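Peer 1: Task: produce atomic coordinates for the following.
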Amino acid sequence: MVVTRSAAIRLPARRTLGAMDLRERLHVTAVDHVGIAVPDLDAAIAFQTEVLGGVLEHRETNTTQGVEEAMITFGGTGPDRARLQLLAPLTADSAIGRFLDRSGPGLQQLALRVPDVRVAADTVRAAGLRVLFDEPADGTGGSLVNFIHPKDAGGVLVELVQSRSPDCTSRDGSMGT
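Peer 2: Coordinates of the predicted model:
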């Protein structure tokens, strides 16, 4: 039997917030999507739509994060539909490019919806955990995002997502289609 070191969730030695206060302030409302790293976006879209019956919600290039991405939905058009985000690298040295080189194609992130990504990131920091960005970044469809460091979340990259409201724009003024 092979024994491996498990990726434990890093619990800081000193917390400034209690667990209940942390949950209340973070206020996760839903799983927004699951991110899958792929080497070929067109092939992945074809599989998800033609074989599994998903619907391409939108496709975009996010040069800031170095990815071309597509959101695939299952189960209708309402807010309760399941969503998969397919992520292909624009360059080999992008975060997704490095992920594919290190781990190969597969699950890359779990995205949790929060009402305010800035408050959520501040709450995570106050609990002694690391987030990847000082300020929220532009995400899929004009959302704002930040990430909890995977070493602080049991080896899982956790994305905090503040969805774009229908009448708002991303920080660069685009609708983020």
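
Peer 1: Stretch 67-83: which residues count as buried?
Peer 2: Using 16 or more other C-beta atoms under 10 Å as the test for burial, stretch 67-83 gives 67, 68, 69, 70, 71, 72, 73, 83. C-betas here are computed from N, CA, C, even on glycine.

Peer 1: Quick one: residues in contact with it.
Peer 2: If you take C-beta atoms under 8 Å, 6 or more residues apart in numbering as the criterion, stretch 67-83 is touched by 30, 32-34, 41, 44-45, 48-49, 52-62, 84-90, 94-96, 140-141.

Peer 1: quick one on the thing from earlier: the buried residues of stretch 67-83 in strands, which ones?
Peer 2: The strands, defined by DSSP state E, take in 67, 68, 69, 70, 71, 72, 73, 83 from the buried residues of stretch 67-83.

Peer 1: how much space between the fourth one and residue 151?
Peer 2: As judged by C-beta to C-beta, to the nearest Å, residue 70 and residue 151 stand 28 Å apart.

Peer 1: Over to the third one?
Peer 2: If you measure residue 69 against residue 151 using C-beta to C-beta, the figure is 24 Å.
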